[in-house]
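Participant: just a sequence and a predicted model for now, questions to come.
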Amino acid sequence: MTRFTTWAGHTARHTGWDLSPRAALGGLALVGGLALLAAFYLALSSQTAVLGRHLQDMEYDLSQTVRENASLRAQIAHDAGVSQLMKRALDAGYVTTGTVLFLPVTREQDQEIEQPQAPP
């Protein structure tokens, strides 16, 4: 035996630990289980952090889109105003008229057509 194993054996005997193979295997299983649990916890927390960052990016994109939509609505409201439409129509060559002429439109079935009557 080497000096280390002699020292370790002597130290283990005086601590009161049971160093049977069964106890050593149980301790190793406990340490391995804790290491596995820690690895799962770290993997879960890193995945949660990644998803949180992705959610933060999506919320930023949503706020940008909402701002852009509001800006576009304001631009549409400005461009669809009566004065702007009139200006665009005049630029396109349309002219204003002083008189508006309405033509009545009727269907034949709505008109009463007088039939000539035979002489008596």
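Facilitator: That came through, no problem.

Participant: low pLDDT regions in the chain?
Facilitator: Applying pLDDT under 70 to the chain flags the ranges 1, 7-18, 108-120.

Participant: determine the longest helix present in this structure.
Facilitator: In the chain, with assignment by DSSP state H, the single longest helix is helix 21-79.

Participant: how far is that one from where the chain is centred?
Facilitator: Taking Cα atoms, centre = their mean, to the nearest Å, one finds helix 21-79 lying 15 Å from the centre of the chain it belongs to.

Participant: next: stretch 91-104.
Facilitator: 49 Å.

Participant: so what touches that stretch?
Facilitator: Stretch 91-104 has contacts (Cβ atoms under 8 Å, 6 or more residues apart in numbering) with L90. Glycine gets a C-beta too; all of them are placed from N, C-alpha and C.

Participant: between the following helix or strand past the longest helix of the chain and helix 21-79, how many degrees?
Facilitator: Counting by DSSP states H and E, the next helix or strand C-terminal to helix 21-79 is helix 82-91. Here the directions of helix 82-91 and helix 21-79 differ by 60 degrees (axes from the mean of the first three to the mean of the last three Cα atoms, to 10 degrees).

Participant: list the buried ones in helix 82-91?
Facilitator: Residues of helix 82-91 include none that count as buried (16 or more other Cβ atoms under 10 Å).

Participant: in which helix or strand would I find T97?
Facilitator: Going by DSSP H and E, T97 is not in any helix or strand.

Participant: list phi and psi for it.
Facilitator: In terms of degrees, to the nearest 10, the main-chain angles of T97 are phi -120, psi 150.

Participant: again, but for S20
Facilitator: Here is the backbone geometry of S20 (degrees, to the nearest 10): phi -70, psi 160.
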